[in-house]
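K.L.:
build me a model from this:
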Amino acid sequence: MREAAVERHLRSPPVNRTDRLYALVEELRAVSPSSRSAPALAVRFEVSVRTIERDISALQQAGVPIYATPGRRGGYAIDKAMTLPPVNFTAAEAAAVALALARSGPTPFRSAARTALPKMLAAMSEVDAGAARRLASRVRLYQRADAEGPPPTPPVVEQAIVEQLVVAIDYHDRDGVRTERVVEPLAVMGIESAWYLTAWCRLRDGVRTFRLDRIRGARLTGEIAPERDIEARGAPPDLVPGPPLFE
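P.N.:
This is a model prediction of the structure:
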């Protein structure tokens, strides 16, 4: 049996980890809602059980809805309703998304962007995903070794924007003057290389705009922000808004 396994391994071309992660998702999608045990997956992909467990953990951390099922016949299963079937991105479209995410800099939801690309590749056909990876490998991005960008958006502020929660912020204005504000997030604006949070400021009792890189600390109050007219945010009059993110 050992010789047969060695012979099969020699016949099979090596599979890189990215391809195996994609194939793992598709294997679990194909049998959903049933599960596959780690030993069965190890045999299927000709790797160790420990490698399968590491791969499953990586997919879970990326947000793929894989869960363990208990019992003698337990294993790993995927919530098919929460995953996408293969989608028809071209290699160029997928590479363009990867490039846009890589150049996004310290934008809001940057951490979410890191998990979005693996999900997109996992939803593509194996042929298209492979072509996209090959195309992306021919694109090189460089930055100066001593370059220091603005600090990232505090995760608490991102959560407040996503969940529309009232948030208390420690804000430093352009002159370095520090104030503590309790604000209700309304919108996020990108103006050239800077990002701004437009919010109803309870200290000023009106709409104010805060540069995200000047928010030095934040904490959630636990209060849901009341509904307000989002058009009250008001962009600077000399700027033209870009197209919506989703048509």
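K.L.:
I figured Ala42 hits Glu53, correct?
P.N.:
No. Assessed by C-beta atoms under 8 Å, Ala42 is found out of contact with Glu53, at 9.1 Å. C-beta coordinates here come from the backbone N, C-alpha and C atoms, glycine included.
K.L.:
what about Glu223, how many residues nearby?
P.N.:
Around Glu223 there are 11 other residues, counting by other C-beta atoms under 10 Å.
K.L.:
tell me the secondary structure for the closest residue to it other than its chain neighbours?
P.N.:
Of all residues not flanking Glu223 in the chain, Val166 sits nearest, at 4.2 Å (C-beta to C-beta, 6 or more residues apart in numbering). Here Val166 is recorded as strand under DSSP: H, G, I helix; E, B strand; the rest coil.
K.L.:
with Leu21 instead?
P.N.:
helix.
K.L.:
these two touch, right, it and Arg54?
P.N.:
No. Using C-beta under 8 Å, Leu21 is not in contact with Arg54, being 10.3 Å away.
K.L.:
between those two, which one's more packed in?
P.N.:
Per other C-beta under 10 Å, whichever of Leu21 and Arg54 has more neighbours is Leu21, with 19 against 13.
K.L.:
please name the residues that touch the nearest residue to Val167 once chain neighbours are set aside.
P.N.:
Of all residues not flanking Val167 in the chain, Ala160 sits nearest, at 3.8 Å (C-beta to C-beta, 6+ apart). Ala160 sits next to 166-167, 185, 218, 220 when contact means C-beta atoms under 8 Å, 6 or more residues apart in numbering.
K.L.:
go with 10 Å
P.N.:
Ala160 makes contact with 154, 166-169, 183-185, 197, 199, 218-221, 225 under the criterion C-beta atoms under 10 Å, 6 or more residues apart in numbering.
K.L.:
cool, and Leu21?
P.N.:
Neighbour list for Leu21: 55-56, 58-59, 62, 64, 118, 121-122 [criterion: C-beta under 10 Å, 6+ apart].
K.L.:
let's go with 6 Å and repeat that
P.N.:
By C-beta atoms under 6 Å, 6 or more residues apart in numbering, Leu21 lies in contact with Asp55.
K.L.:
Ala77 is in contact with Pro70, isn't it?
P.N.:
No. Between Ala77 and Pro70 there is no contact under C-beta atoms under 6 Å: 11.0 Å.
K.L.:
neighbour count winner among those two?
P.N.:
Between Ala77 and Pro70, counted using other C-beta under 10 Å, Ala77 has the larger neighbour count: 18 against 8.
K.L.:
partners of that one in the sheet?
P.N.:
Beta bridges link Ala77 to Tyr67, judged by DSSP bridges.
K.L.:
who touches the lengthiest strand in the chain?
P.N.:
Taking DSSP state E as the criterion, the chain has its longest strand at strand 178-191. Identification of contacts with strand 178-191 by C-beta under 6 Å, 6+ apart yields 108, 160-161, 166, 168-172, 196, 198-203, 225, 230, 233.
K.L.:
swap in stretch 61-72?
P.N.:
35, 56, 59-60, 75-79, 82, 115, 118.
K.L.:
just the buried subset of these, written out for ChimeraX, thanks.
P.N.:
Filtering the contacts of stretch 61-72 down to the buried ones (16 or more other C-beta atoms under 10 Å) takes a single ChimeraX command:
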select :35,56,59,75,76,77,78,118
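K.L.:
among the contacts of stretch 61-72, name the ones in helices.
P.N.:
56, 59-60, 115, 118 (DSSP state H).
K.L.:
widest-spaced pair of the residues you listed?
P.N.:
Ile56 and Thr115 (15.5 Å; C-beta to C-beta).
K.L.:
distance of Glu180 from Val167?
P.N.:
Distance of Glu180 to Val167, given as C-beta to C-beta, to the nearest Å: 11 Å.
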